[in-house]
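J.: Predicted model and sequence follow; I will ask about them next.
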Amino acid sequence: MSTKNLLVELFVEELPPKALPALGAAFAQQLHEQLKAQGLAAADSRVTSCATPRRLAAHITQVVAKAADQALRQKLMPVAVGFDANGQPTPALIKKLNAIGASEADLSKLVRAPDGKAEALFLDTLCAGVTLADGLQKALLDAIAKLPIPKVMSYQLQDGWSSVNFVRPAHRLIALHGADVVPVSALGLTAGRETQGHRFEAKQPVISIRDADSYVEQMQNEGAVIAGFAERRAEIAHQLQAAAAKEGLTPIEDAALLDEVTALVERPNVLTCQFEPEFLDVPQECLILTMKANQKYFPLLDATGKLTHKFLVVSNITPDDASAVIDGNECVVRPRLADAKFFFDQDRKKSLADRVPGLAKVVYHNKLGTQGERAQRVAAIASAMGQQLGGAALAQQADQAALLAKADLLTDMVGEFPELQGIMGRYYALHDGLPAAIADAIEDHYKPKFAGDTLPRNPVGVCVALADKLETLAGMFGIGQLPTGDKDPFALRRHALGVIRMLIELDLPLELGGLFKAAQVSDEKVAAQLADFIYERLAGSLREQGYSALEVDAVLALRPQRLGDTPKRLAAVRAFAALPEAASLAAANKRVGNILKKAEGEVAARVNAALLKEPAEVALNAALAAVKPKADAAFDRGDYTAALQSLAALKAPVDKFFDDVMVNAEDAQLRNNRLGLLAVLHQAMNRVADLARLSS
């Protein structure tokens, strides 16, 4: 059956730029999947998405005009129900045939075939394949219904009575199978071959698409539109690099900004603009943010990464004389930068310390008090962390930084640009003459903000960052505000991962219980919930790093208090698992654990040598006396790999013990002594990890 390529385009009013990539991909993918499911597109058919500010389109290869007919076997009923004792069709069978569009004339077409233990009647029919017009109609309506539209609009159609819901008003619909129009309709539109190009630079107002394969070329040559999102994005990136290179500069890298600008233009034209150099006295983070967020400009950086007074704008028009466009953009950005300079100058007239009392008027949470009260709690935790990590000097600096950390929330700059909280605090702290360690800590106490983000750059920042996250976790868990499903309004998962990363990557000598105590988590139930939450986040993080579920479970089953030891424990478990003795010892450890659980009362890890009678238990006790001190010494000095590998010497005596010794002897003294011996063994084997978790 011959195939042709298919083009479908919805021409609409300007689509929301941040949603455009997802809308374009979803529209094309849904159409393709629906056509393949109906047998209208070949198995190796390909789809190409085209998305511009004013159109969603899909080009699909190898599409047939009509799907192939399909043989269909329908089960009717058991033979015993369909035919009576005389072999005549029953009323039930006739009724069933009529229900599926067949009749008594089709009795000869019935097939008997095994169905489980009985025999059933089946009817073989030929199902006519769907036509492209019908199949595309269904696929188009489904694709529109399933679009990830951020906010639906309702608008009237031209008849003045009907209305439809869509992301933006739609004005034209194209559906071409090769050069033939497919008669489908949607959103009050009937498919044709006409569309519109660029608002200002198209060669003619309406473009008639010859066939599905000429769409991209016609849109570019006649419509002045680069239809493909990826192609347009690549063109913008190329122009940005070329324009920056002419100035000997580098455009700032921002994938999200590049995506958004790609969704704003149909024919990109990158132009170089500039502003007055005196604005560079304002922190470059402020200038960069206002240019990117408000104007969608690309700031230019010098070789050292410092902001320059030049920037790039992506225009949607290409005039012969671009001076008016350049002047217009320069005029637009100037007031924005002037506002930033004004905020910066005004904010510096009042120190951070003078702003701290104002935090008492800012509500943090109706059950947890104000930002001022929160700052006091964070300072207390940070001071305790500082005392443990660096003594009184670090504790004092951590306390001061924590009290000032939220003060920049009351500044005009952060009020205008909340993304700059912490960053502006650092600048204002330096202006106030505070030490760099405290200023850096004010900025860094929000870190890590996301996966892969850097950690605080100094011990003061580490203390305040830990304290800030622990206070949030303790407070929210304390009032029952736990994350549920995919809802985490207070970013508690991110806070927990931040705590985990700092403890592990900086190998901090802090124990989880001590952190909870510093954060004043006194309720045992809350402490247990918070511990579970942190260990769950840790387990997920470790598995993402490539550790196996068995390795992670073995280590975290012991709930190690010092998370900084976790990588060493995991490495030790992996090395132990590679030993030939590992499987046997893991299985024995599991058996020992089960025996001890079933024992009456708590079993003390204590052995009376005088009660050891069987040679195998004497040998195991002697082996433990030789191995356990070495394993304990290696554990105490943090050499977990050596601690576990020394256990290999126990394989033979452990195996012999279980072969020759009856643990649950009738003599109570003998039984308790053997249980004590197993308790010593269990204790020796499970200091680094629960080795039983390695047993399949």
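T.: Nice, thanks for sending it over. Numbering: from 1, shown residues only.

J.: What is the burial count for the nearest residue to Leu612 once chain neighbours are set aside?
T.: For Leu612, ignoring the flanking residues on the chain, the nearest one in space by CB to CB, 6 or more residues apart in numbering is Val618 at 4.8 Å. In this view, the C-beta of every residue, glycine as well, is placed from N, C-alpha and C. Look at Val618: counted by other CB atoms under 10 Å, it has 15 neighbours.

J.: One more: Pro114?
T.: Counted with other CB under 10 Å, Pro114 comes out at 8.

J.: That one: what secondary structure?
T.: What DSSP: H, G, I helix; E, B strand; the rest coil gives for Pro114 is strand.

J.: now do Thr125
T.: strand.

J.: Gln70 is in contact with that one, correct?
T.: No. When contacts are counted by CB atoms under 8 Å, Thr125 is not listed as touching Gln70 (9.5 Å).

J.: Could you check which of these two is surrounded by more residues?
T.: Thr125 (15 against 12).

J.: And that one, how far from Ala67?
T.: Separation of Thr125 from Ala67 (CB to CB, to the nearest Å): 16 Å.

J.: Just the pLDDT for Ser696.
T.: The score at Ser696 is 64. That number is its pLDDT.

J.: secondary structure class for the residue positioned nearest the centre of the chain?
T.: By CA atoms, centre = their mean, the chain has its centre lying nearest to Ala451, at 9.1 Å. What three-state DSSP gives for Ala451 is coil.

J.: quick one: what helix or strand has the residue nearest to it when sequence neighbours are not counted in it?
T.: Of all residues not flanking Ala451 in the chain, Leu497 sits nearest, at 7.6 Å (CB to CB, 6+ apart). Leu497 belongs to helix 492-505 when assigned by DSSP states H and E.

J.: Distance from the helix or strand following that helix to the middle of the chain?
T.: Per DSSP H and E, the first helix or strand lying C-terminal to helix 492-505 is helix 512-518. Offset of helix 512-518 from its chain centre (CA atoms, centre = their mean, to the nearest Å): 29 Å.

J.: need the next SSE after helix 512-518, C-terminal direction.
T.: As assigned by DSSP H and E, the chain's next helix or strand after helix 512-518 is helix 524-544.

J.: Residues contacting that next one, please?
T.: 473-474, 477-478, 482, 492-493, 496-497, 499-500, 512, 516, 521, 549, 552-553, 556, 559, 563, 566, 570 (CB atoms under 8 Å, 6 or more residues apart in numbering).

J.: again with stretch 204-220
T.: Contacts of stretch 204-220 (CB under 8 Å, 6+ apart): 4-7, 9, 50, 57, 59, 174, 176-179, 193-197, 222-223, 225-228.

J.: Take these and keep only those in strands.
T.: The strands, defined by DSSP state E, take in 4-7, 9, 50, 57, 59, 174, 176-177, 194-195 from the contacts of stretch 204-220.

J.: Filter those down to the buried ones, ChimeraX style.
T.: The buried subset of the ones in strands among the contacts of stretch 204-220, as determined by 16 or more other CB atoms under 10 Å, is captured in ChimeraX by this line:
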select :4,5,6,7,9,50,57,59,174,176,177,195
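
J.: ok, of the ones in strands among the contacts of stretch 204-220, which one's closest to Arg355?
T.: Taking CB to CB as the measure, Arg355 lies nearest Cys50 of the ones in strands among the contacts of stretch 204-220, at 51.8 Å.

J.: Might you list the low-confidence residue ranges for this protein?
T.: 1, 696 (pLDDT under 70).

J.: Stretch 643-661 spans what distance, first to last residue?
T.: Start-to-end span of stretch 643-661 (CA to CA, to the nearest Å) is 27 Å.

J.: Buried ones in it, by neighbour count?
T.: Neighbour count says stretch 643-661 has 643-651, 653-658, 661 buried, by 16+ other CB under 10 Å.

J.: Then stretch 677-693?
T.: 677-682, 684-693.

J.: Kindly report the same for stretch 95-107.
T.: Buried residues in stretch 95-107 (16+ other CB under 10 Å): Lys96, Leu97, Ala102, Leu107.

J.: which stretches of the stretch 51-200 of the chain form helices?
T.: For the stretch 51-200 of the chain, helices defined by DSSP state H, counting those that start in this stretch occupy the ranges 79-82, 91-99, 132-145.

J.: Mean neighbour count, these: which tops it?
T.: Highest mean neighbour count among the helices of the stretch 51-200 of the chain (mean count of other CB atoms under 10 Å): helix 132-145, with a mean of 20.

J.: still on that earlier bit, how about the contacts made by the residue nearest to Ala451?
T.: Leu497 touches Pro448, Ala451, Arg537, Ser541, counting by CB under 8 Å, 6+ apart.

J.: Near the closest residue to Ala102 other than its chain neighbours, how many residues? Count them for me, please.
T.: Using CB to CB, 6+ apart and skipping residues adjacent in sequence, the residue nearest Ala102 is Leu123, 6.4 Å away. Burial of Leu123 is recorded as 18 neighbouring residues (other CB under 10 Å).

J.: so how far is Pro78 from Leu123?
T.: 14 Å.

J.: what number of residues lie near Asn86?
T.: Neighbours of Asn86 (other CB under 10 Å): 5.

J.: got it, and Leu257?
T.: 18.

J.: what does Ile317 give?
T.: 16.

J.: Could you do Pro509 as well?
T.: 12.

J.: shouldn't it be in contact with Gly390?
T.: No. Using CB under 8 Å, Pro509 is not in contact with Gly390, being 11.1 Å away.

J.: quick one: Asp453 and Ala382, what's the gap?
T.: 20 Å.

J.: Pick out whichever of these two has more residues nearby.
T.: Ala382 (34 against 12).

J.: so that one touches Ala401, yeah?
T.: Yes. With contact defined as CB under 8 Å, Ala382 reaches Ala401; the gap is 7.1 Å.

J.: Find the residues that touch each one of those two.
T.: Cys463, Val464.

J.: check contacts around Ile100.
T.: Gln74, Leu123.

J.: Distance from the chain centre to stretch 653-665, please.
T.: 51 Å.

J.: next one: stretch 428-441
T.: 34 Å.

J.: May I see the buried residues of it?
T.: For stretch 428-441, by 16+ other CB under 10 Å, it's Tyr428, Ala429, Asp432, Leu434, Ala437, Ile438, Ala439, Asp440, Ala441.

J.: what do you get for stretch 488-497?
T.: For stretch 488-497, by 16+ other CB under 10 Å, it's Leu492, Arg494, His495, Ala496, Leu497.

J.: Specify which member of those residues is nearest to Leu136.
T.: For those, the nearest to Leu136 is Arg494 (44.4 Å; CB to CB).

J.: Next one: the closest one from Leu420, what distance?
T.: Arg494 is 19 Å from Leu420, by CB to CB.
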